[in-house]
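> give the three-dimensional model of this entry:
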Amino acid sequence: MKKIQMVDLRGQYEKIKDVVNPSMNDIIENAAFINGPKVHQFQKNLEEYLDVKHVIPCANGTDALQIAMMGLGLEQGDEVITADFTFAATVEVIALLKLTPVLVDVDPVTFNIDVEAVKKAITPKTKAIVPVHLFGLAANMDEIMALAKEHNLYVIEDNAQGIGGDYTHKDGSKTKTGVIGHVASTSFFPSKNLGCYGDGGAIFTNDDDLAHIIRGIVNHGMYKRYHHDVVGVNSRLDSLQAAVLDAKLPHLNDYNSARRHAARKYNKAFQNHPKITTPSGLTECEGICDTCDCHVFHQYTLNLKGVDRDALVTHLNTSDIPCGVYYPIPLHKQKAYVDERYNEADFTVTNQLVQSVISLPMHTELDDEQIDFITKTVLDFIDG
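Numbering: from 1, shown residues only. Now for the predicted structure:
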């Protein structure tokens, strides 16, 4: 059996190196490292894939989220609602911009932001909602967009873990995650479903005016060289990373299908176990069906009951099986974001999840032998 890895980027590279290597060599030969043709080519190809009017590449996913907020003109003290159960970058950029983060609980099935909790958190100071498509599962965007329209709020999708996923609207139509809200951000960190070989990110929007503002922000506020019309930052996707992403983009649907296949194998092995809740699609789904497209499984995360999660982590590691705990501490308990406004009674789901979730290896190169070994090891420990 091959060595089990949390993410097997080397194995993935072997299948595309005949495209990646010549493309990167061409950039080196031509020295078009910043804003070169490959960046523009990838931008256009991603716009076509997502069916969105504007993709603005940038240096990383955190910058993408910050720049999206800067583009909306949010002002100091404005409240931005987001999920308590997610990576810190989501709330980090809110704080950096001197906005007021408002953390709310998540849904116990999807782990995504709880719409009812959002409703309760809206005040006259609320200006935006940031739903996170956590672990690759689309958030409840119909309800979020309706709520935003009712209260005249912006919706900024954090699509760092969900690229390539589809959201099925109530009318049956489908839209790619990241192009439903007013603006969205994504990350191309190497382990992402669409990842480069360094750092990278992008902002998506169908708003022409907003796209224009953001294009200036990512480049020091310039639309014309040495003319700084807005306050900007230096955040650009370099050409070498764009070459890798453009080589991977045609395979993204297959990558996500491979992740779903692995998820179905995992789910079957853990099926009906009283101490294990497996991930599913949206709330109304039962398991991961063959046509499921709402979940792209950036992570495969179990929710355990009556199991010593930390002891299981140790057991897996001693069995040479990597795993992760995403996330071990709620954002509202992180030292940087503690606030007397928060009431523990409002975070019952998040406070439970941080004690009980565990993420197993998930990537495009997982094979059945590896999955069988991983699931057997987990079950042997739990059933002891």
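
> wait, Arg236 sits on Asn219?
Yes - counting by CB atoms under 8 Å, Asn219 is a contact partner of Arg236 at 6.7 Å. C-beta coordinates here come from the backbone N, C-alpha and C atoms, glycine included.

> who's in contact with the residue lying closest to Met70 once chain neighbours are set aside?
Spatially, and ignoring its direct neighbours in sequence, Met70 is nearest to Ile217 (5.5 Å; CB to CB, 6 or more residues apart in numbering). By CB atoms under 8 Å, 6 or more residues apart in numbering, the contact list for Ile217 reads 67, 70-71, 230-233, 235.

> what subset of those residues is buried?
Buried members of the contacts of Ile217, counted by 16 or more other CB atoms under 10 Å: 67, 70-71, 230, 232-233, 235.

> contact partners for Cys58?
64, 67, 200-203, 218, 235-237.

> picking that back up, just give me the closest of the contacts of Ile217 to Pro37.
Checking the contacts of Ile217 against Pro37 by CB to CB gives Ser235 as the nearest, at 19.7 Å.

> relative to Val93, how far out is the closest one?
12 Å (CB to CB, to the nearest Å).

> ok, now Gly221?
18 Å.

> mind checking which of the two has more residues around it?
Val93 (25 against 15; other CB atoms under 10 Å).

> wait, what's in contact with the residue nearest to the more buried one when sequence neighbours are not counted?
Leaving aside its sequence neighbours, Val93 sits nearest to Gln66 (CB to CB, 6+ apart; 3.9 Å). By CB under 8 Å, 6+ apart, the residues touching Gln66 are 93, 96-97, 233.

> can you rerun that using 10 Å?
58, 60, 89, 92-94, 96-97, 185, 201, 203, 217, 233, 235 (CB atoms under 10 Å, 6 or more residues apart in numbering).

> assign it to helix, strand or coil.
helix (DSSP: H, G, I helix; E, B strand; the rest coil).

> need the pLDDT of it.
Gln66 is assigned 98 on the pLDDT scale.

> would you mind measuring from it to Cys196?
Distance from Gln66 to Cys196, by CB to CB: 19 Å.

> give the pairing partners of the worst-scoring helix or strand of the chain on mean pLDDT; include direction for each.
Every helix and strand of the chain was ranked by mean pLDDT, DSSP states H and E. The lowest is strand 166-168, at a mean of 92. With DSSP bridges as the test, strand 166-168 is paired with strand 174-176 (antiparallel).

> now the strand it pairs with: average pLDDT?
95.

> same check on stretch 8-28?
pLDDT averaged over stretch 8-28 gives 96.

> and that stretch, how far from the chain's centre?
24 Å (CA atoms, centre = their mean, to the nearest Å).

> ok, now stretch 228-242?
So, by CA atoms, centre = their mean, the centroid of stretch 228-242 is 21 Å from its chain's centroid.
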